[in-house]
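*Asks:* Build me a model:
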Amino acid sequence: MYGRLRQSSKTLRVFPNGTRNCYTIRPTSGGNSSKYLIRAAFLYGNYDGQSQPPTFDLYIGVNYWATINFSSIDSYIHNEIIHVVPSADHTIQVCLVKTSTGIPFISSLELRPLNDTMYQTDATTLALYKRLNIGSNANIR
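*Replies:* Numbers count the residues shown, from 1 in each chain. Alright, predicted model coming up:
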């Protein structure tokens, strides 16, 4: 059933305690990059035998990123955001916030440094709306 998913998505960490649980990441990109692609993935898969997927919010620091709401127990959700780390901070906080039902969890969290010349914008975050491959006959990675 889950054969085509990345291996990292087939694991999970639950956060049964507290309303807000955060990962604090200190990037060590080797360069002077301040721009990062952050990808969070979630696969409920009825791990707790309750057949009740949770609903919870995802934040970058204190800023709302997304609501994680599963359409079924087998739903796979991934969210991506491009985030610019303030030069004085040098840390990224990814937080799962309990909102109403169930216990927040995460299957995988990825952080990839990006060249600072990519995605020129004054915004500190850019959320993925849709990714399309237009005009190519091959998959591009």
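
*Asks:* what packs against the lowest-mean-pLDDT helix or strand in the chain?
*Replies:* Taking mean pLDDT, DSSP states H and E as the measure, the helix or strand of the chain with the lowest value is strand 125-127, at a mean of 72. Judged by 3 or more Cβ pairs under 8 Å, 6 or more residues apart in numbering; DSSP states H and E, strand 125-127 is in contact with strand 63-69, strand 76-84. Every residue, glycine included, has its C-beta placed from N, CA and C.

*Asks:* looking at those, which is buried most?
*Replies:* Of all these, strand 76-84 has the most neighbours on average by mean count of other Cβ atoms under 10 Å, namely a mean of 18.

*Asks:* Please name every helix or strand in contact with that strand.
*Replies:* strand 35-43, strand 55-60, strand 63-69, strand 125-127.

*Asks:* Report the inter-axis angle for the first one versus strand 55-60.
*Replies:* Here strand 35-43 points in a direction 170 degrees away from that of strand 55-60 (axes from the mean of the first three to the mean of the last three Cα atoms, to 10 degrees).

*Asks:* Could you tell me the angle between strand 35-43 and strand 63-69?
*Replies:* 20 degrees.

*Asks:* Now for Pro53, how many residues are close by?
*Replies:* Around Pro53 there are 23 other residues, counting by other Cβ atoms under 10 Å.

*Asks:* separation between the spatially closest residue to it that is not a sequence neighbour and Leu111?
*Replies:* Using Cβ to Cβ, 6 or more residues apart in numbering and skipping the chain neighbours, the partner closest in space to Pro53 is Phe70 (3.6 Å). Using Cβ to Cβ, to the nearest Å, Phe70 is found at 24 Å from Leu111.

*Asks:* same check, this time on Gly49
*Replies:* Counting by Cβ to Cβ - Gly49 and Leu111 are separated by 32 Å.

*Asks:* Quick check on those two: which one has the bigger neighbour count.
*Replies:* Under the neighbour definition other Cβ under 10 Å, Gly49 and Leu111 were set side by side, and Leu111 has more, 15 against 6.
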